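1. The amino acid sequence is not available; the structure is as follows:
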């Protein structure tokens with residue numbers, strides 16, 4: 001039987017059994033559509049996870065201190081601040097594979113600009129934090145060495161904070177108040193995602209001296225994490 005005869009027999013069978021032909025075709029369509037949908041969902045989920053990893057930092061290792069005890073009860077992780085700025089220096093000096101490291105302290109505070117205000121996370125850190133997170137500024141600049149060493153009152157805003165306080169205006173060079181302390185805005189960070197952009201960064205020494213120092217009461221050099 002040649003190809004033309006085979007096709008004629010197939011067409012005849014389709015005409016004689018329309019319901020069976022329809023159900024067979026429907027099964028093939030559903031099967032192919034299911035495979036395509038599953039592959040698309042898997043590819044989308046993989047891309048989403050990859051984007052989240054890139055946003056956090058693909059080669060980032062976070063070091064947290066241990067837990068403290070109060071009245072015999074273990075508190076949450078990070079409540080015993082045993083890490084110090086000296087540990088950051090030791091990591092950079094003794095682990096050549098580490099390109100950058102930064103100690104940080106963080107807490108919540110109200111940020112005020114004229115008649116607008118916003119409650120957000122204030123993170124005291126160094127420029128190493130932005131290098132580790134691969135987080136460039138979209139406007140302005142990072143902290144300079146003098147600002148980091150002298151506890152200068154300067155701040156870098158996350159994109160969410162910049163939008164809430166300034167709308168579409170450029171905040172660089174303007175002043176905001178953090179817990180009633182005036183700070184000059186020197187930069188705005190690129191957007192990484194709404195859950196990460198709601199933050200304000202200040203120099204680590206500024207955070208310790210101005211409003212987060214009580215968190216490291218045991219050791220003035222202590223940091224919350226590296």
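-> Cool, the structure landed. Predicted, not measured: the structure shown is a model, and the values here were computed from it.
2. Between the two ends of stretch 142-154, how far is it?
-> Using CA to CA, to the nearest Å, the end-to-end distance of stretch 142-154 comes out at 10 Å.
3. Same check on stretch 131-145?
-> Per CA to CA, stretch 131-145 runs 15 Å from first to last residue.
4. Give the buried residues for that stretch.
-> Residues of stretch 131-145 classed as buried by neighbour count (16 or more other CB atoms under 10 Å): 131-133, 135, 137, 139-140, 142-143. Just so you know, the C-beta spots here come from the backbone N, C-alpha and C atoms, and that holds for glycine as well.
5. just stretch 122-131 next, same as before
-> Using 16+ other CB under 10 Å as the test for burial, stretch 122-131 gives 122-131.
6. would a markdown table of the buried residues of stretch 131-145 with pLDDT and distance to residue 42 be doable?
-> Converted to a markdown table, these look like this (pLDDT from 0 to 100; distance: CB to CB, whole Å):
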| residue | pLDDT | distance to residue 42 |
| --- | --- | --- |
| 131 | 86 | 33 |
| 132 | 84 | 30 |
| 133 | 84 | 28 |
| 135 | 86 | 29 |
| 137 | 89 | 36 |
| 139 | 89 | 38 |
| 140 | 88 | 40 |
| 142 | 90 | 39 |
| 143 | 90 | 42 |
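7. Most widely separated two among these?
-> The distance between the two most remote of the buried residues of stretch 131-145 (CB to CB) is 21.0 Å, for 132 and 139.
8. which residues of this protein score low on pLDDT?
-> Counting by pLDDT under 70, the chain contains low-confidence ranges at 1-3, 5, 7, 9-11, 14, 48-58, 66-81, 194, 212-219.
9. all helices in it, in order from the N-terminus.
-> Under the criterion DSSP state H, the chain contains helices at 3-16, 18-56, 85-94, 127-132, 145-149, 159-166, 194-197, 204-207.
10. Go through the ones you listed and name the closest to residue 64.
-> In terms of CB to CB, the element of those nearest to residue 64 is helix 85-94, at 12.0 Å.
11. for that closest one, packing partners?
-> Applying 3 or more CB pairs under 8 Å, 6 or more residues apart in numbering; DSSP states H and E, one finds that helix 85-94 contacts strand 222-223.
12. Walk me through which strands the strand it packs on pairs with, and which way each runs.
-> Sheet pairing here is set by DSSP bridges, and for strand 222-223 it gives strand 83-84 (antiparallel).
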